[in-house]
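Asker: Build the 3D model from these lines:
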Amino acid sequence: MGTVVVGYVPKPEGEAALATAIDEAKLRGTKLVVVNSHRGGNEFDAEAAIKSETQMNAVKATLDAAGVEYDLRQLVRGFEPAEDLISIAEANEADLIVIGLRRRSPVGKLILGSNAQRILLDAHCPVLAVKAAD
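Answerer: Predicted coordinates:
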């Protein structure tokens, strides 16, 4: 049985990626692994942890309603989200990675880097990149 891995963030692009990943898992008859990765550090305090837990409970409800087999991974360990997503995809021998995209300025890409670009270039399997509906 294969696996679809999706990178989830509680933003429109994350919701679009999750919806597409659910559809792909159903279509393929595979398990879905949802990865929510935080860098951690000072900005991930108790308040952020509570907010994140609430958001993940909403994701669980969506997944339960969809009726797909899933594994939800919430990581706060200091790695870049791209690094976490790629390593989990490799460990699960993923058939597909689904990510959401958002528009960024060229300067924003230069300063902040691009997790999407790293995933697209470094993933061992196909990557499906989706945009949020306007």
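
Asker: Following the chain past the helix or strand of the chain with the lowest mean pLDDT, name the next helix or strand.
Answerer: None of the helices or strands of the chain scores lower by mean pLDDT, DSSP states H and E than helix 106-112, at a mean of 54. Proceeding N to C from helix 106-112, the next assigned helix or strand is helix 115-122, under DSSP states H and E.

Asker: Now do the buried residues in stretch 117-131.
Answerer: 118-119, 123, 125, 127, 130 (16 or more other CB atoms under 10 Å). All C-beta spots, glycine's among them, are computed from the backbone N, C-alpha and C.

Asker: Kindly report the same for stretch 15-35.
Answerer: For stretch 15-35, using 16+ other CB under 10 Å, the buried residues are 15-22, 24-25, 30-35.

Asker: how about the helices in the protein?
Answerer: Remark: helices assigned in the chain by DSSP state H are 12-28, 46-66, 81-91, 106-112, 115-122.
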